[in-house]
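Asker: Need coordinates for the below:
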Amino acid sequence: MTAASKIQPSLRPSPTVEDYLAGIYLLERNGQAVIASHLANALDLTPPTVAVTLQRMERDGWITTKGRKGIRLTKTGREAARSVIRRHMLTEWLLTRMLKLPWSKAHAEAHQMEHTISDETEAQMRASLEDPQVCPHGNPFPGYEQVAADWIPLTATEAGAQVVIRRIDEMAEADSELLQFLETNAIAPGVRAEVTEVLPFNQTVTLRLGARNLALGFSAAQHIFVEKGLK
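Answerer: Residues are numbered from 1 along each chain as shown. Presented below is the predicted three-dimensional model:
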């Protein structure tokens, strides 16, 4: 990260605005329409609350809006979004790798810490953690999106496919109960599995994990990204 790309602490947006910027960035890179209703769902807020905050953010130069056609990050807003996402992901690694916090709890804990990390501390964390490209849940750091280019949702696989789980997407990270379920059942980046059934009529995917089978509803499976064809 160059000096020019840093967001100085005195110029950083508030924690609330950082949350909005990160939400907009993630909706955009995951191919979802960046509109107020989708952002409200992602942040678990009411549409009127989101609308008021977006007005302030546009006034302050973090975003531009085009009526109901969508929300766009300005150059400054995009850099601020990338900064807070990096700090969040580095904190997740710190918590899981160095402090041995359970994988399913890292997202919630990192969210409480990410807004207070300085640029200097971020640089030290990146060096200590050997500059990771993905977070513990497999989601790419900003700037490393290409590593996930060939990963597909589990719901897009077919029976008989040999897969490696690579990513539990950001929408699932906010669901602590789902993360605990996945962790308990060894559904994590790096785990190999065989898809034994995909049943659209009852919305389930069944995986063989070693000697056991696990059925997942599409509502959960759509958030699990895999790489196919690896032996």
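
Asker: neighbours around the closest residue to T91 other than its chain neighbours, how many?
Answerer: Leaving out its chain neighbours, the residue that sits closest to T91 by Cβ to Cβ, 6 or more residues apart in numbering is A110, at 3.9 Å. For every residue, glycine as well, the C-beta is placed using N, CA and C. Counted with other Cβ atoms under 10 Å, the neighbours of A110 add up to 24.

Asker: burial measure for P47, as a count.
Answerer: P47 has 12 nearby residues by other Cβ under 10 Å.

Asker: for the one 3 residues further on, same thing?
Answerer: Using other Cβ under 10 Å, V50 has 22 neighbouring residues.

Asker: Return the distance of it relative to D169.
Answerer: V50 sits 21 Å away from D169, going by Cβ to Cβ, to the nearest Å.

Asker: what's the pLDDT at the closest residue to Q133 other than its chain neighbours?
Answerer: Nearest residue to Q133, sequence neighbours excluded (Cβ to Cβ, 6+ apart): Y144, at 4.2 Å. Note on Y144: pLDDT of 96.

Asker: Pretty sure Y144 sits against G138.
Answerer: No: look at Y144 against G138 with Cβ atoms under 8 Å: they stay out of range, at 11.4 Å.

Asker: Between the two, tell me which one has more neighbours.
Answerer: Counted by other Cβ under 10 Å, Y144 and G138 do not tie: G138 has more neighbours, with 20 against 13.

Asker: so what's that one up against?
Answerer: A148, I165, R166, R167, I168, P189, F225 (Cβ atoms under 8 Å, 6 or more residues apart in numbering).

Asker: mind running it again at 6 Å?
Answerer: By Cβ atoms under 6 Å, 6 or more residues apart in numbering, G138 lies in contact with R166, R167, P189.

Asker: do the same with V226
Answerer: Counting by Cβ under 6 Å, 6+ apart, V226 touches L154, V163, I165, R166.

Asker: Name the residues of the strand or helix carrying the last one that come out as buried.
Answerer: With elements delineated by DSSP states H and E, R166 resides in strand 162-168, which encompasses its position. Judged by neighbour count (16 or more other Cβ atoms under 10 Å), strand 162-168 contains these buried residues: Q162, V163, I165, R166, R167, I168.

Asker: And the residues you listed, which is closest to A80?
Answerer: Nearest to A80, judged by Cβ to Cβ, of the buried residues of strand 162-168 is R167 at 24.0 Å.

Asker: Ignoring the adjacent residues along the chain, who's closest to the closest one?
Answerer: G138 is the one closest to R167 (Cβ to Cβ, 6+ apart), at 3.3 Å.

Asker: Could you report the neighbour count for P13?
Answerer: P13, neighbours per other Cβ under 10 Å, totals 21.

Asker: quick one: N202 and E173, what's the gap?
Answerer: For N202, the distance to E173 - Cβ to Cβ - is 26 Å.

Asker: before we move on, what about L21?
Answerer: Taking Cβ to Cβ as the measure, L21 falls 17 Å from E173.

Asker: Please apply the same query to L11.
Answerer: 28 Å.

Asker: which one of the two has more residues nearby?
Answerer: Taking neighbours as other Cβ under 10 Å, L11 and E173 compare with E173 leading, 24 against 9.

Asker: ok, how many other residues are close to the residue lying closest to that one once chain neighbours are set aside?
Answerer: Spatial nearest neighbour of E173, excluding adjacent residues (Cβ to Cβ, 6+ apart): H107 at 4.3 Å. Residues near H107, counting by other Cβ under 10 Å, number 25.
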